[in-house]
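Predicted model follows, preceded by the sequence.
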Amino acid sequence: MADPLDDLNAAPAAQAQAQLADLYPHAPWVAEQALRSRPFRSVADLRQRLRQAVDGASLDTRLALLRAQPAFGPLPGADAAHAERLAQLTAQYAARFGFGFIAADRGPRGTPLDGASLLEDLSRRLDNPPDAEQEEALRQLHRMAELRLRARFGEPALGNDIWDWHEALSAYSDPGYAEKGQLTVTYLTDAHRACAARLSQWMRDCGFDEVGIDAVGNVVGRYRADRADAPVLMTGSHYDTVRNAGKYDGRLGIFVPMACVRALHRQGRRLSFDIEVIAFAEEEGQRYRATFLGSGALIGGFNPGWLDQKDADGVTMREAMAHAGLDIDGIAALRRDPAAYLGFVEVHIEQGPVLYELGLPLGVVTSINGCVRHQVQILGLASHAGTTPMDRRRDAAVAAAELALYVERRAASDGDSVGTVGMFEVPSGSINVVPGECRFSLDLRAPSDAQRDALVDDVLAELAAICQRRGLRYAIEETMRAAAAPSDPRWQQRWERAVDALGVPAHRMPSGAGHDAMKLHEIMPQAMLFVRGQNNGISHNPRESTTSDDIELAAQAMLGLLDALSNDTTT
């Protein structure tokens, strides 16, 4: 049977343009320009070329494209109330932005969108600034074209299955959250242990040779190599969540390699190394103050003092582990021998807007940012807001605000550094009192420790200068310091080659968030692959999402990496 992409590549220009005419209605120039890039290496390559044709056009041309699109009508089966509300909102939308509301009528898995979700999205987008909404409308056009291509070239089978695993696992949630329809899974709760049991069963169903739950609650699956005493590739991510979480943070990095092992098993293939997939039991530090407990245990980083920590209900970690049937005495034996491992790779949703804004499905991580956090107290003099002249005030809050603005400027001038004042408090503040005290947090991050430390030094020097100039005192406490985790160059290149082989640009980017990979980095080489998030990349939020099409590409990239690595280790 002929390959549809081969047919498209070989077709005369007019015929090829006719085949793509429906992808961007009323804009034949999009297909015409994209076809100049033939031959397309893959459907993903075709998608990117179409998008580039639109994104490279002038602003007036892109606005004309938006204005040419047909009006969005009620979804099939919508009742009168839905149709009336949709008509009201779309009229407001057209008046505000100058073009009709544009949205894909199918969701991230390609299934029909429900009316409530559509109205919620439309209401939210009405608040966008005009330039931001123009870009969002274009992204929706690109998604509609992607769905039409899917209908023509085939469903993302792996991506759909991985999507369904996420949905099924999200059924488990802690008490108090499950009743509200919110996803929260914290360490060793009933929901957490139910997730572990479900993951264990799915791993067995995928064809793993060994599956078990270790002494800290990690779910560990091993798919054996084609020979004994082979080296091991470790991969995985965490299955616990923050409170009221999204469905993909962490879990995507478990399900993608699970699907790859299932594909290998169905083909009867063994590689030249063992594949160890680990669903880490704890990364978020929500129930106990023990972040990266699951991955940290594998590098000998489990702190016995954690066992006496109590959760909000007074349950110690020791008691929770005993209730879960875990062998506390076996924790020390979890430490891995780095000599037995080729390295660690992790797939993760980006948790940010970069890939979404660039229109790229995948990103190759160059480094996980190092981070330093402080709690700061500035002390001035509380005084009457009406009688204290402006030039005689010792205002602690204004000093903190001045520093926050400096953090914004300094981090923005320094490549991929970021700085955040995330907590800001005026104790005993009053509307008619000049603040005499201000407490706030500092979170400073950068891709390398040297860059991070330079940022920290400059911010702390500015804090001292501001307080001296304003006649204030301050106290500062460093509460956390995490080293940066640069990707191993060879492993980063492997991800880049795997992404490029799909016909997708291999975009390099740092990770501002922490990941299990930064713990494994301490004993073995590591590198990460990011998957684009939808909804402007929002994460730690119920709106966190990605498409089954992007998941499919991540799974294909990992299969490509595994194949290439197997060839490397046998030659």
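Received it, and whenever you're ready, just let me know what you need.

in stretch 291-307, what's buried?
291-299, 302, 306-307 (16 or more other CB atoms under 10 Å). For every residue, glycine as well, the C-beta is placed using N, CA and C.

which intervals of the stretch 51-200 of the chain have sub-threshold pLDDT?
Within the stretch 51-200 of the chain, not a single segment meets pLDDT under 70.

Can you report how many residues lie near residue 79?
Per other CB atoms under 10 Å, the neighbour tally for residue 79 reads 9.

now do residue 553
Residue 553: 26 neighbours (other CB under 10 Å).

Can you show me the CA trace of whatever helix or strand it lives in as PDB?
Using DSSP states H and E, residue 553 falls within helix 548-570. Coordinates of each C-alpha in helix 548-570 appear next as PDB, following Å, rounded to 0.1, in the frame of the first residue of the first chain:
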ATOM      1  CA  SER A 548      -1.600  12.900  22.200                       C
ATOM      2  CA  ASP A 549       0.100  14.000  19.000                       C
ATOM      3  CA  ASP A 550       3.000  15.500  21.000                       C
ATOM      4  CA  ILE A 551       3.100  12.500  23.300                       C
ATOM      5  CA  GLU A 552       3.400  10.300  20.200                       C
ATOM      6  CA  LEU A 553       6.500  12.200  19.000                       C
ATOM      7  CA  ALA A 554       8.000  11.900  22.500                       C
ATOM      8  CA  ALA A 555       7.500   8.100  22.400                       C
ATOM      9  CA  GLN A 556       8.900   7.900  18.900                       C
ATOM     10  CA  ALA A 557      11.900   9.900  20.000                       C
ATOM     11  CA  MET A 558      12.500   7.600  22.900                       C
ATOM     12  CA  LEU A 559      12.200   4.500  20.700                       C
ATOM     13  CA  GLY A 560      14.800   6.100  18.400                       C
ATOM     14  CA  LEU A 561      17.100   6.900  21.300                       C
ATOM     15  CA  LEU A 562      16.800   3.300  22.500                       C
ATOM     16  CA  ASP A 563      17.500   1.800  19.100                       C
ATOM     17  CA  ALA A 564      20.600   4.100  18.500                       C
ATOM     18  CA  LEU A 565      21.900   3.400  22.000                       C
ATOM     19  CA  SER A 566      21.500  -0.400  21.400                       C
ATOM     20  CA  ASN A 567      23.600  -0.100  18.200                       C
ATOM     21  CA  ASP A 568      26.200   2.000  20.100                       C
ATOM     22  CA  THR A 569      26.600  -0.500  22.800                       C
ATOM     23  CA  THR A 570      27.000  -3.500  20.500                       C
END
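
which parts of that helix are buried?
Going by neighbour count (16+ other CB under 10 Å), the buried part of helix 548-570 is 548-563, 565-566.

what's the model's confidence in it, averaged?
Helix 548-570 carries an average pLDDT of 94.

which secondary structure elements does that helix contact?
helix 157-169, strand 232-238, helix 252-266, strand 341-349, strand 362-368, helix 489-500, strand 526-531 (3 or more CB pairs under 8 Å, 6 or more residues apart in numbering; DSSP states H and E).

re earlier: show me which of the buried residues of stretch 291-307 is closest to residue 14.
residue 295 (55.9 Å; CB to CB).

what sits against that closest one?
238, 278, 280, 283, 516, 519-520 (CB atoms under 8 Å, 6 or more residues apart in numbering).

7 Å instead, please
Residues in contact with residue 295 (CB atoms under 7 Å, 6 or more residues apart in numbering) are 280, 283, 516, 519-520.

Residue 316 versus that one, what's the distance?
22 Å (CB to CB, to the nearest Å).

tell me the contacts of the nearest residue to residue 69 once chain neighbours are set aside?
Excluding its sequence neighbours, the residue lying closest to residue 69 (CB to CB, 6 or more residues apart in numbering) is residue 102, at 5.5 Å. Contacts for residue 102 were tallied using CB under 7 Å, 6+ apart; they are 66, 69, 72, 137, 140-141.

that older thread, could the buried residues of stretch 291-307 go into TSV alongside secondary structure and distance to residue 461?
Output for the buried residues of stretch 291-307, formatted as TSV (DSSP: H, G, I helix; E, B strand; the rest coil; distance: CB to CB, whole Å):
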residue	secondary structure	distance to residue 461
291	coil	29
292	coil	31
293	helix	36
294	helix	38
295	helix	35
296	helix	33
297	helix	39
298	helix	39
299	helix	35
302	coil	37
306	helix	36
307	helix	41
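
Please spell out which residues along stretch 98-114 are buried.
For stretch 98-114, a neighbour-count test (16+ other CB under 10 Å) marks 99-104, 106-110 as buried.

In a markdown table, list the contacts of residue 295 along with distance to residue 224 and secondary structure.
Listed next are the contacts of residue 295 as a markdown table, based on distance: CB to CB, whole Å; DSSP: H, G, I helix; E, B strand; the rest coil:
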| residue | distance to residue 224 | secondary structure |
| --- | --- | --- |
| 280 | 21 | strand |
| 283 | 27 | coil |
| 516 | 23 | helix |
| 519 | 25 | helix |
| 520 | 21 | helix |
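
so who does residue 500 touch?
residue 506.

what's the spacing between it and residue 164?
According to CB to CB, residue 500 stands 29 Å off from residue 164.

can you list contacts of the helix holding residue 553?
Against helix 548-570 from outside (CB under 7 Å, 6+ apart): 44, 108-110, 146, 150, 156, 158-160, 162-163, 231, 233, 256-257, 259-260, 263, 271-273, 347, 361-362, 494-495, 497-499, 501-502, 504, 529, 531-532.

And stretch 308-315, by the same measure?
The contact list for stretch 308-315, computed with CB under 7 Å, 6+ apart, reads 287-290, 316-318.

In helices only, show me the residues you listed.
Within the contacts of stretch 308-315, residues falling in helices by DSSP state H are 317-318.

Save the contacts of stretch 308-315 as a markdown table, and put in neighbour count and pLDDT too.
Below are the contacts of stretch 308-315 laid out as a markdown table (neighbours: other CB atoms under 10 Å; pLDDT from 0 to 100):
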| residue | neighbour count | pLDDT |
| --- | --- | --- |
| 287 | 25 | 95 |
| 288 | 20 | 94 |
| 289 | 11 | 87 |
| 290 | 22 | 90 |
| 316 | 15 | 98 |
| 317 | 24 | 98 |
| 318 | 16 | 98 |
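
Mind putting the contacts of stretch 308-315 into CSV with distance to residue 380?
Shown next, in CSV, are the contacts of stretch 308-315 (distance: CB to CB, whole Å):
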residue, distance to residue 380
287, 38
288, 37
289, 32
290, 37
316, 42
317, 41
318, 45
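
Which single one of the contacts of stretch 308-315 is nearest to residue 406?
Closest to residue 406, out of all of the contacts of stretch 308-315 and judged by CB to CB, is residue 289, at 30.2 Å.

give the contact list for that closest one.
Residues counted as contacts of residue 289 (CB under 7 Å, 6+ apart) are residue 309.
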